[in-house]
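S.K.: next come a sequence and a model predicted from it.
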Amino acid sequence: DAGVIQSPRHEVTEMGQEVTLRCKPISGHNSLFWYRQTMMRGLELLIYFNNNVPIDDSGMPEDRFSAKMPNASFSTLKIQPSEPRDSAVYFCASSLALLAGGPDTGELFFGEGSRLTVL
Amino acid sequence: GNSVTQMEGPVTLSEEAFLTINCTYTATGYPSLFWYVQYPGEGLQLLLKATKADDKGSNKGFEATYRKETTSFHLEKGSVQVSDSAVYFCALVRGKLIFGQGTELSVKP
C-alpha cells in the first residue's frame, strides 16, 4: 500500500515567491497533519484536519501560511509570500482517528517531507 | 499544560552498547505514550507505544515502560547497532500528538 505522498521533495525558491506543498494521505485515514521541522525549533505542528475540516490551526505562524483540504485525498500548504526564515522540512502525516477531533490512536504515518529553501 | 521532555543529544555509542534515552512527561490523566524514530532523510515512524500505566511497549529490540509514579517512558535497547543511528522522539497524545524535542543517536562501529 502507498504511504503518505508529498510533493515536491525539494523546493528552492526566492524570497517573495509563492510556495505550494502537496500531500496525499493514506486512503481511509480521516485525519491529516502538517508539521514543520527545523534545527532551531524542532518539530512543530502547524495545522491538522479531521474529516477535511481544520480542527486546530494555532501553530500556523502567520497569515502568510494557509492550508486547505478540499477532499479526503488531497491537502495543500501554501506560503505567500515566502521568506528565508520559512526554510525547513515540511512533513505531512495522516492517521485514523477513533474519535472526532484528535489522533486518539497516536499512530501517525508520515510522508518523506518537502525540503524548502527560500533564498 | 501537556508536555514532553527528553534528554538532550547527541548520544554517541559504540556498537553493542546499552542504550537509554530518558523521557518524562507532564499531562492530565494518563495519556498514551509513544516513541517515534526518524532515520536520516525520512519522516518519523512509530517505534513503539504504551496505552496505560505499567504497560511495556517493544519493537525491534527497543523497550519502554509506562511509569506513572515517575511520569516517565524511557527508551532502552540492550545492544545497539549502527543501523539504529537516528533521531528518537518521545510523544504523548492529548487531543493531538505532542512531541519532545528529539534525541539524536549516533552508533559507531
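M.R.: Structure received.

S.K.: how about the residues of chain B near chain A?
M.R.: Proximity of chain B to chain A (C-beta under 8 Å from any C-beta of the partner chain) is limited to residues B:32, B:34, B:36, B:41-46, B:49, B:89, B:91-97, B:99, B:101-102. Yep, even glycine has a C-beta here, placed from its N, CA and C like the rest.

S.K.: mind doing that once more with 6 Å?
M.R.: Residues of chain B that fall close to chain A, judged by C-beta under 6 Å from any C-beta of the partner chain: B:32, B:34, B:42-44, B:46, B:93, B:95-97, B:99, B:101-102.

S.K.: please check those and keep the buried ones.
M.R.: Buried subset of these (neighbour count, 16 or more other C-beta atoms under 10 Å in any protein chain shown): B:32, B:34, B:43-44, B:46, B:93, B:96-97, B:99, B:101-102.

S.K.: A:Thr117: which of those is nearest?
M.R.: B:Gly43 (18.3 Å; C-beta to C-beta).

S.K.: hang on, the closest one packs against A:Phe109?
M.R.: No: B:Gly43 is beyond contact range of A:Phe109, at 8.3 Å (criterion: C-beta atoms under 6 Å).

S.K.: pLDDT at the closest residue to chain B within chain A, what is it?
M.R.: Closest residue of chain A to chain B, C-beta to the nearest C-beta: A:Phe110 (3.0 Å). A:Phe110 is assigned 94 on the pLDDT scale.

S.K.: next, count neighbours for it.
M.R.: 22 (other C-beta atoms under 10 Å in any protein chain shown).

S.K.: so it touches A:Ala93, yeah?
M.R.: Yes: between A:Phe110 and A:Ala93 there is a contact under C-beta under 6 Å: 4.5 Å.

S.K.: for chain A, what lies in contact range of chain B?
M.R.: Checking chain A against chain B by C-beta under 6 Å from any C-beta, the hits are A:42-43, A:91, A:102-103, A:106-107, A:110-113.

S.K.: show me which of those residues are buried.
M.R.: For these, a burial check counting by 16+ other C-beta under 10 Å picks out A:43, A:91, A:102-103, A:106-107, A:110-113.

S.K.: tell me the one of these nearest B:Val4?
M.R.: For those, the nearest to B:Val4 is A:Leu43 (11.0 Å; C-beta to C-beta).

S.K.: wouldn't that closest one be in contact with A:Gln37 here?
M.R.: Yes: checked against C-beta under 6 Å, the pair A:Leu43 and A:Gln37 is within contact range at 5.0 Å.

S.K.: separation between whichever residue of chain B sits closest to chain A and A:Gly42?
M.R.: For chain B, the residue closest to chain A is B:Gly43, as judged by C-beta to the nearest C-beta, at 3.0 Å. Using C-beta to C-beta, to the nearest Å, B:Gly43 is found at 15 Å from A:Gly42.

S.K.: buried residues in stretch B:73-84?
M.R.: Result for stretch B:73-84 [16+ other C-beta under 10 Å]: buried residues B:73-75, B:77, B:80, B:84.

S.K.: could I get the full set of strands for the chain?
M.R.: Using chain A here. For chain A, the strands defined by DSSP state E cover A:5-7, A:10-13, A:19-24, A:31-38, A:42-50, A:53-56, A:65-71, A:74-79, A:88-95, A:109-110, A:114-118.

S.K.: was after chain B, sorry
M.R.: In chain B, the strands defined using DSSP E lie at B:3-6, B:11-14, B:19-21, B:23-26, B:33-38, B:44-50, B:56-59, B:62-65, B:75-77, B:86-93, B:97-99, B:103-108.
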